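Asker: What shape does this take:
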Amino acid sequence: MFGLVLVCLLMAAATTTSGYRPDPVTGFPQQSIVVDSWPGDKKVAVCFVFYVEVWGFGHGPDFRPDMVKRKPDLVNEYYRQYGINEGIDRIGRLFARLDVPLSVALSALFPDQRPEIWASFREIQPGASIIAHGMNNSTEQLPLAQGLKAQEVYVRKTLDLVEKSVGVRPKGWSSPSVYANVDTYTATAAEGIKYSLDAMDSDELSRLQTPSGSLLMIPYPVVTVDMGQNLARQQMPVMLEQLWTDYVMELVHEAEVDPDRPATVVAIGIHPFVSGTPSGAAALRRVLERIKEEKLVWLTDVDSIYDHALGQ
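Answerer: Here you go, the predicted model:
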């Protein structure tokens with residue numbers, strides 16, 4: 001009851017506090033954060049978020065949905081395993097070779113389940129920003145039906161395990177399997193999370209005021225994520241190359257046409273079984289090489305975006 005009253009008070013405050021408005025999804029007060037420019041007078045911040053995840057045997061994305069009833073479903077199991085065995089290091093090497101910052105959304109169970117893969121990747125990418133991505137993406141997702149306290153416990157367990165395995169306590173959160181509810185925002189803020197990728201409705205930063213504190217919302221658009229485009233919409237890597245290039249370059253064009261408009265930001269989600277294949281990496285490499293040439297683009301990571309917003 002107390003939480004409901006507090007939410008109502010926060011919503012009421014949103015209509016009277018300058019710059020705040022009720023977020024249409026959560027109902028919490030939300031405030032746009034206007035960034036005039038990013039470091040180096042850049043106008044478009046681009047960060048690639050690499051999802052290193054645990055799905056588990058019999059779970060996960062299916063390249064051939066017509067085969068999921070097979071026991072065992074070798075095609076889809078090996079599809080997912082290829083991403084882990086080959087794709088994770090390939091993406092790490094690509095970003096290291098091009099000297100582009102990389103952000104990693106990590107399932108907390110991954111380092112213990114695949115220690116050799118994780119150790120190899122961290123050797124290649126020792127400084128990659130780590131974002132908490134829940135325990136796993138299938139059997140241990142957020143306990144959405146069990147209330148706020150259960151989610152707080154889940155978030156704390158996730159952060160503790162990541163910190164134990166990686167040596168870093170994440171400042172950012174991305175809900176496993178892109179599945180959260182209103183309590184998730186409050187629970188993550190309560191457990192010390194500073195920014196969230198569970199925002200998909202803007203090109204600019206915003207601040208969400210939850211009953212437990214504020215969260216910086218970093219835009220993570222649905223349409224730029226490789227997995228959804230590849231599996232659900234059958235877009236091959238070369239098509240993703242065009243999509244990503246057009247997305248970023250149009251933001252650049254808008255900034256050139258109107259230099260006084262606020263700076264924009266996009267977090268692009270990539271997965272090892274899509275972008276970690278040879279053809280996927282080739283397409284991604286061409287995208288990175290192209291946008292590195294743009295004087296208005298800041299290729300960065302999510303922690304740096306948070307740090308810059310905090311320092312404004």
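Asker: Could you pull up the contacting residues of T245?
Answerer: 287, 290-291 (Cβ atoms under 8 Å, 6 or more residues apart in numbering). Any C-beta I mention is one placed from the backbone N, CA and C, and that applies to glycine too.
Asker: Show the backbone phi and psi for M217.
Answerer: Dihedral pair for M217: phi -100, psi 110, per degrees, to the nearest 10.
Asker: so how many other residues sit close to it?
Answerer: By the criterion of other Cβ atoms under 10 Å, M217 has 25 neighbours.
Asker: cool, P101 as well?
Answerer: Neighbours around P101, by other Cβ under 10 Å: 19.
Asker: ok, so what distance separates the residue lying closest to it once chain neighbours are set aside from Q209?
Answerer: Distances taken as Cβ to Cβ, 6 or more residues apart in numbering put D301 closest to P101, at 4.0 Å, once the chain neighbours are dropped. From D301 over to Q209 the distance is 25 Å, taken as Cβ to Cβ, to the nearest Å.
Asker: More neighbours: these two, which one.
Answerer: Between D301 and Q209, counted using other Cβ under 10 Å, D301 has the larger neighbour count: 25 against 22.
Asker: follow-up on the earlier one: please, a PyMOL command that selects the buried ones among the contacts of T245?
Answerer: In PyMOL syntax, the buried subset of these is picked out as below (16 or more other Cβ atoms under 10 Å):
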select buried, resi 287+291
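Asker: For P259, state which of the contacts of T245 is nearest.
Answerer: I291 (18.9 Å; Cβ to Cβ).
Asker: Would you check that the closest one makes contact with V248?
Answerer: Yes. Using Cβ atoms under 8 Å, I291 is in contact with V248, at 5.2 Å.
Asker: what do the two both touch?
Answerer: 46, 297.
Asker: Would you map the strands across the stretch 1-150 of the chain?
Answerer: Ranges of strands in the stretch 1-150 of the chain, per DSSP state E, counting those that start in this stretch, are 20-22, 29-32, 44-52, 103-106, 129-132.
Asker: Which neighbours in the sheet does the fourth one have, and how are they oriented?
Answerer: Just to be clear, that refers to strand 103-106. Strand pairing for strand 103-106, determined by DSSP bridges: strand 44-52 (parallel), strand 129-132 (parallel).
Asker: Format those strands as a markdown table; extra columns: distance to V182, mean pLDDT and mean neighbour count.
Answerer: Converted to a markdown table, these look like this (distance: least, Cβ to Cβ, whole Å; pLDDT from 0 to 100; neighbours: other Cβ atoms under 10 Å):
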| stretch | distance to V182 | mean pLDDT | mean neighbour count |
| --- | --- | --- | --- |
| strand 44-52 | 23 | 98 | 26 |
| strand 129-132 | 19 | 98 | 25 |
